[in-house]
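A.B. asks: Provided below are the primary sequence and the corresponding predicted coordinates.
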Amino acid sequence: EAQVTQNPRYLITVTGKKLTVTCSQNMNHEYMSWYRQDPGLGLRQIYYSMNVEVTDKGDVPEGYKVSRKEKRNFPLILESPSPNQTSLYFCASRPTGGYQPQHFGDGTRLSIL
Amino acid sequence: ELKVEQNPLFLSMQEGKNYTIYCNYSTTSDRLYWYRQDPGKSLESLFVLLSNGAVKQEGRLMASLDTKARLSTLHITAAVHDLSATYFCAVDSFNNDMRFGAGTRLTVKP
């Protein structure tokens, strides 16, 4: 089954404790992206990647890091999480070219205390 | 920089009524997408519109694209409760990066 898998689905942690949210897709898609969703603000893009070893900032990259060492994986790293990073996070992927919609993961709800 | 604006942001409808959600974007693009999100769920692709004048329909929803006006509409016909959800439009920028509108939260009341 074609899917985007995020882990963990839920996480409560404390300020300053490094965390990683993993994202993996099994569709051989080149493009992958991370969004955060906050009430009233819609989906805001954090980072995106056009292909392996190619990443770029979205609208709200501060406080986040990403890497794209393999095509299928695109982890989101919070080196020193803060309470304002409490949010619902989505990973998505799509093939480049062919004008396909993005496929979204189920989301990760992060609470930073 | 590509900006995508949706309105209204909140929409409360009576069952059986018609309404339209609007999506405006700021730079040239001929690729527009509509998604649906149910509460607590992920986003699901509804429509892909790839050219000026494109129209797609699925059940009570119909989406159209006017690339000259940089406007897409999502029209709801004879709304039913099952259509209650948040609807997002999204647009591809020049480098195939996808940007989303803020979403329209639709509530259909009996």
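C.D. replies: Yep, that arrived.
A.B. asks: State the mean pLDDT of the longest strand anywhere in chain A.
C.D. replies: Longest strand of chain A, by residue count under DSSP state E: strand A:42-51. Mean pLDDT, computed over strand A:42-51, is 91.
A.B. asks: who does that strand pair up with?
C.D. replies: strand A:31-38 (antiparallel), strand A:54-57 (antiparallel) (DSSP bridges).
A.B. asks: who's in contact with the first one?
C.D. replies: If I follow you right, that is strand A:31-38. Contacting residues not belonging to strand A:31-38 are listed as A:23, A:25, A:43-51, A:58, A:60, A:64, A:66, A:68, A:74, A:76, A:85, A:87-96, A:102, A:107, B:96-98, B:100 [Cβ atoms under 8 Å, 6 or more residues apart in numbering or on different chains]. (Each C-beta comes from the backbone N, C-alpha and C, glycine too.)
A.B. asks: So which of the residues you listed are in strands?
C.D. replies: Short answer: those in strands (DSSP E) are A:23, A:25, A:43-51, A:66, A:76, A:87-94, B:98, B:100.
A.B. asks: rewinding a little: buried members of the contacts of strand A:31-38 into ChimeraX, please.
C.D. replies: Those of the contacts of strand A:31-38 that count as buried under 16 or more other Cβ atoms under 10 Å in any protein chain shown are selected in ChimeraX with:
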select /A:23,25,43,44,45,46,47,48,49,50,58,60,64,66,68,74,76,85,87,88,89,90,91,92,93,94,102,107 /B:96,97,98,100
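A.B. asks: Return the most buried member of the strands paired with strand A:42-51.
C.D. replies: strand A:31-38 (a mean of 23; mean count of other Cβ atoms under 10 Å in any protein chain shown).
A.B. asks: tell me the angle that strand makes with strand A:87-94.
C.D. replies: 160 degrees (axes from the mean of the first three to the mean of the last three Cα atoms, to 10 degrees).
A.B. asks: Now do strand A:31-38, average pLDDT.
C.D. replies: Mean predicted lDDT for strand A:31-38 stands at 94.
A.B. asks: same check, this time on stretch B:91-101
C.D. replies: Mean per-residue pLDDT for stretch B:91-101: 82.
A.B. asks: and the residue nearest to A:Asp56 when sequence neighbours are not counted, how far is that from A:Pro8?
C.D. replies: In this structure, A:Asp56 finds its nearest non-sequential neighbour in A:Tyr48, 5.8 Å apart by Cβ to Cβ, 6 or more residues apart in numbering or on different chains. Going from A:Tyr48 to A:Pro8 by Cβ to Cβ, to the nearest Å gives 22 Å.
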